[in-house]
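**Q** generate a structure from the sequence data that follows.
(one chain, ligands or ions: 1)
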Amino acid sequence: MKARYLVPNDYMADPAVHVFNGKLYIYPSHDRESGIPENDNGDHFDMKDYHVFSTDDVENGIITDHGVVLDVKDIPWAGRQLWDCDVVCKDGKYYMYFPLKDKNDIFRIGVAISDKPEGPFIPQENPIKGSYSIDPCVLSENGACYMYFGGLWGGQLQRYRNNKALESAVFPADDEPAIPSRVVKLSENMLEFAEEPRPVIILDKDGKPLTHGDSQRRFFEASWIHTYKGKYYFSYSTGDTHLLCYATGDNPYGPFTYQGVILEPVVGWTTHQAIAEFKGKWYLFHHDCVPSGGTTWLRSLKVVELVYNPDGSIKIVTH
Ligand code: FUB
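**A** Modelled structure (predicted):
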């Protein structure tokens, strides 16, 4: 299957994708033209709502738009900027986790709940206690749910160490371990962290943590986790070097060992993925800025088939 755009009439990015009740559901960010100038803080990504999409025919790109399912104006603690979200099902309820700046311009992660995968989602009064940064994605496994989150630069992850806010942002030296994504088990009621978030360590083939200076391989944002043949695949974006990479591990907490690139740089600054199996095939969902003529904050949702080699490695997706 050749790569195809899924929502040609609107700008959608940062897909999270899951199969619920035999259908494939897509939860993207909803890009819009806000008029805010582009900067390294990502202020130009000023999204205000989410749509949900579903399909039972990915191959032909036949997709249903379920409309607006959560709007920033309905979130009691909202400041600005609804970025990448994810949805997980537990005991018949659907929990949407979303990053949003609060009224102090600090990214927190909120929860909104629905009885249906297509929403609408009703937000909680407050963000998750102790949450910070962006790009939540959730792994559900045997009744336990684990959230991965974090992103550098505009995602504010460099402002935290050991889950405590620093006086100001600190980046490691180039030869020091990279700032990691985080993973945390969710509480039974899905509304809190059940423990302190832990670092997602990515090792090189010699067992050494990737360093901050290793910008072609180290984590930047866009955590995604899936399992294949008993292994955990942690994929992510390298941000300012514009690659989608992956690392594999033996349990949800890692450590993960770097394996390689999934997707080379696309047109646009950001790159962000979800990987899911549907009807016996694997797919890479992502975005690029070709339809908007390279306008970095107007991104378009894409899908392409993802192929594994016999040893479990992922074949790099070429454009
Ligand atoms: O959509 C805003 C941000 O851009 C996301 O949170 C990042 O992953 C990047 O795609």
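**Q** where does the residue lying farthest from the centre of the chain land in three-state SS?
**A** Distance to the chain centre peaks in the chain at Asp206, reaching 27.6 Å (criterion: CA atoms, centre = their mean). Following DSSP: H, G, I helix; E, B strand; the rest coil, we place Asp206 in the coil state.
**Q** phi and psi next, for Glu221.
**A** phi -170, psi -180 (degrees, to the nearest 10).
**Q** surely it touches Tyr148?
**A** No. Assessed by CB atoms under 8 Å, Glu221 is found out of contact with Tyr148, at 11.0 Å. C-betas here are computed from N, CA, C, even on glycine.
**Q** higher neighbour count, the two?
**A** Glu221 (27 against 24; other CB atoms under 10 Å).
**Q** residue contacts, the closest residue to Lys231 other than its chain neighbours?
**A** Excluding the flanking residues, the one nearest Lys231 by CB to CB, 6 or more residues apart in numbering is Thr248, at 4.9 Å. Residues counted as contacts of Thr248 (CB atoms under 8 Å, 6 or more residues apart in numbering) are Lys231, Tyr232, Tyr233, Phe234, Phe256, Thr257, Gln259, Gly312.
**Q** can you name the residues of this protein sitting close to the ligand?
**A** Neighbours of the ligand within the chain, by CB under 6 Å from any ligand atom: 13-14, 29, 45, 83-84, 134-135, 151, 221-222, 270, 272.
**Q** of the residues you listed, which belong to strands?
**A** Among these, the members falling in strands are Ala13, Asp14, Ser29, Glu221, Ala222 (criterion: DSSP state E).
**Q** tally up the residues packed near the second one, please.
**A** Read that as Asp14. Using other CB under 10 Å, Asp14 has 30 neighbouring residues.
**Q** the last one too?
**A** Using other CB under 10 Å, Ala222 has 28 neighbouring residues.
**Q** any idea how far Tyr11 is from it?
**A** 17 Å (CB to CB, to the nearest Å).
**Q** re the thing from before, buried ones among the contacts of Thr248?
**A** Among the contacts of Thr248, those classed as buried by 16 or more other CB atoms under 10 Å are Tyr232, Tyr233, Phe234, Phe256, Thr257, Gln259.
**Q** what's the closest of the residues you listed to Gly130?
**A** Phe234 (21.8 Å; CB to CB).
**Q** which residues does the closest one contact?
**A** Phe234 touches 148, 181, 200, 202, 223-225, 246-249, 254, 256, counting by CB under 8 Å, 6+ apart.
**Q** what's the helix or strand for the residue nearest to Arg159 when sequence neighbours are not counted?
**A** Nearest residue to Arg159, sequence neighbours excluded (CB to CB, 6+ apart): Ala169, at 5.0 Å. Counting by DSSP states H and E, there is no helix or strand that carries Ala169.
**Q** what is the burial count for Ala169?
**A** For Ala169, the neighbour count with other CB under 10 Å is 12.
**Q** nothing else from me, thank you.
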